[in-house]
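[1] mind looking at a prediction? Sequence and model below.
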Amino acid sequence: MEYVTVCLSRKRMTMEENDSESAQDLEYQETQEQLKEASKESAKLKEMEFRTLRAEELRRIEFRHTIIQLALAGFGAILAFGIQYKLSIVLLLYPFLMLWFALLWRQNADMLARLREYIATHIEVEEYQWESMLKARFHPIWNYDTAFTLLFICSELVALWIGIAQNPENIVLILVSCLCTLLTALLLFWRRPIITEIVGNPL
């Protein structure tokens, strides 16, 4: 009788252990499924964020092209008009226009640099990705930012020089134009955010 009782007790303990293990397995499976679901949701959110930032980056790149086109078109029109009709005032007003373009260029460059840095450091997880590749192939001197910056400054200096040559007596406007040229150079060169250089470096 005692033997039967012991066997039943052992059998009951074995069943309880099996039930406990089954419950732990179910709990583990549920935890893993929840982790998978959370990982999928995180991946979807990161993909949506990536697409949004990429679209914003492309819009800002297009805006850079618009600034370049407007600056060059404005320079050509003002230069032709000022030389043909010998209007030095028009030529001396070009630095005001370039100062406005420089403000737009600098603000857009700052935002574009921050966008690319965030994509490279928070979204692109693999070592070799597009933004990281831009950083690896960056040249500190010969790059598009430097070329366009020099182009802006040279066009401004040309207009300023022709305006001064046509009417050197307009001292006030010449001084103001020189000041605008200096401010434009400071905006474009002083701690400028090189778009490809900023990737990988904290701001």
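    The structure has been received and is ready for your questions. Residues are numbered from 1 along each chain as shown.
[2] and the next element down the chain from the helix or strand of the chain with the lowest mean pLDDT?
    Ranking every helix and strand in the chain by mean pLDDT, DSSP states H and E puts helix 130-136 at the bottom, with a mean of 62. Using DSSP states H and E, the helix or strand that directly follows helix 130-136 along the chain is helix 144-166.
[3] show me what that next one is packed up against.
    Here helix 144-166 is seen to pack against helix 2-84, helix 88-118, helix 171-189 when contacts are counted using 3 or more Cβ pairs under 8 Å, 6 or more residues apart in numbering; DSSP states H and E. Glycine gets a C-beta too; all of them are placed from N, C-alpha and C.
[4] go again using 6 Å as the cut-off
    Contact partners of helix 144-166 among helices and strands, from 3 or more Cβ pairs under 6 Å, 6 or more residues apart in numbering; DSSP states H and E: helix 88-118, helix 171-189.
[5] average model confidence for that helix?
    Rounded to a whole number, the mean pLDDT of helix 144-166 is 90.
[6] contacts for that helix?
    75, 86, 88, 91-92, 94-95, 98, 174, 177, 181, 185, 188, 194 (Cβ atoms under 6 Å, 6 or more residues apart in numbering).
[7] and the buried ones among those residues, selectable in ChimeraX?
    For anyone working in ChimeraX, the buried entries among the contacts of helix 144-166, judged by 16 or more other Cβ atoms under 10 Å, can be selected with:
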select :75,88,91,92,94,95,98,174,177,181,185,188,194
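[8] out of the contacts of helix 144-166, which one sits closest to Leu115?
    Ile194 (14.1 Å; Cβ to Cβ).
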